[in-house]
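Trainee: Sequence isn't available, so here's the structure alone:
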């Protein structure tokens, strides 16, 4: 009786051990799947952020170096996503959809092609555009911290984005001042010219271009002040005649 129960006992123990091993393997697989899903979610969020920065930055800038750095960061994350989930869509297709696909020709590597892109119509648009520029700079700094870009690239792109931010502030306020003048709103125009002057005096836009814009601003401000003084003198003259 005892001998017949020993094999049964061993079989029962083997079954229990097998069950425990199986449960452990299932748990490990589930944990790996959970970790994979967390990584995919984090990569998806970062890709969405990079795509947003690329799209929004294109509205005010066409710098090829910045676009290339952001595009490489996006492609790197898309490759990691595809490794974690091979069923995901084609990488090159997503790159094209984001506007980050490599191009043989690009814009001026130093600054936007013209002031038209950086001449926005409202203070809200200026704040929004400068926010996108800051997002791009923060992303490139992160890429430098994780050793995805060199210090030279960080310095070059940071210099360009700083100049771009200043251009948005200067050109947009000049543009809004001209719009205010067209509406005969000299008070608003003067306010925008002063804001543009502040961006120039406190920002990186120097040299001949900065001096040219500063002289334009000072000239327009003086015209407004002279016009206001003439109007006030004329008003005083008619007041004195009436008295």
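Mentor: Thanks, I have the structure now. Predicted, not measured: the structure shown is a model, and the values here were computed from it.
Trainee: so residue 227 is in which element?
Mentor: Using DSSP states H and E, residue 227 sits within helix 207-242.
Trainee: for the protein, what spans make up the helices?
Mentor: Secondary structure of the chain (DSSP state H): helices located at 2-57, 64-84, 91-98, 123-145, 151-182, 186-202, 207-242.
Trainee: which other helices and strands contact the second one?
Mentor: Taking 3 or more C-beta pairs under 8 Å, 6 or more residues apart in numbering; DSSP states H and E as contact, the helices and strands that helix 64-84 lies on are helix 2-57, helix 91-98, helix 123-145, helix 151-182. C-betas here are computed from N, CA, C, even on glycine.
Trainee: Going by neighbour count, list what's buried in that helix.
Mentor: Residues 66-71, 73-75, 77-78, 81 are the ones in helix 64-84 that count as buried (16 or more other C-beta atoms under 10 Å).
Trainee: Serialize these to a markdown table and add fields for distance to residue 53.
Mentor: A markdown table is the format used below for the buried residues of helix 64-84 (distance: C-beta to C-beta, whole Å):
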| residue | distance to residue 53 |
| --- | --- |
| 66 | 10 |
| 67 | 10 |
| 68 | 14 |
| 69 | 11 |
| 70 | 6 |
| 71 | 11 |
| 73 | 10 |
| 74 | 9 |
| 75 | 14 |
| 77 | 13 |
| 78 | 15 |
| 81 | 18 |
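Trainee: before we move on, the earlier item: which one of the helices and strands packed on helix 64-84 is the most hemmed in?
Mentor: Sort the helices and strands packed on helix 64-84 by mean neighbour count, taking mean count of other C-beta atoms under 10 Å, and helix 151-182 sits at the top with a mean of 20.
Trainee: Mind checking the pLDDT average for that one?
Mentor: Mean pLDDT, helix 151-182: 94.
Trainee: Tell me what angle it forms with helix 64-84.
Mentor: Angle, helix 151-182 to helix 64-84, by axes from the mean of the first three to the mean of the last three C-alpha atoms, to 10 degrees: 120 degrees.
Trainee: what's the weakest-modelled helix or strand in this protein?
Mentor: Ranking every helix and strand in the chain by mean pLDDT, DSSP states H and E puts helix 91-98 at the bottom, with a mean of 71.
Trainee: tell me what that one is packed against?
Mentor: Packed against helix 91-98 by the contact rule (3+ C-beta pairs under 8 Å, 6+ apart) you find helix 2-57, helix 64-84.
Trainee: low pLDDT regions in this structure?
Mentor: Residues of the chain that meet the criterion pLDDT under 70 lie in 1-6, 8-11, 13-14, 24-26, 89, 97-114, 230-243.
Trainee: hmm, 80 instead?
Mentor: 1-34, 87-115, 228-243 (pLDDT under 80).
Trainee: hmm, back to that, now render the helices and strands packed on helix 64-84 as TSV, adding distance to residue 223.
Mentor: As requested, the helices and strands packed on helix 64-84 are arranged in TSV below (distance: least, C-beta to C-beta, whole Å):
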stretch	distance to residue 223
helix 2-57	35
helix 91-98	46
helix 123-145	23
helix 151-182	9
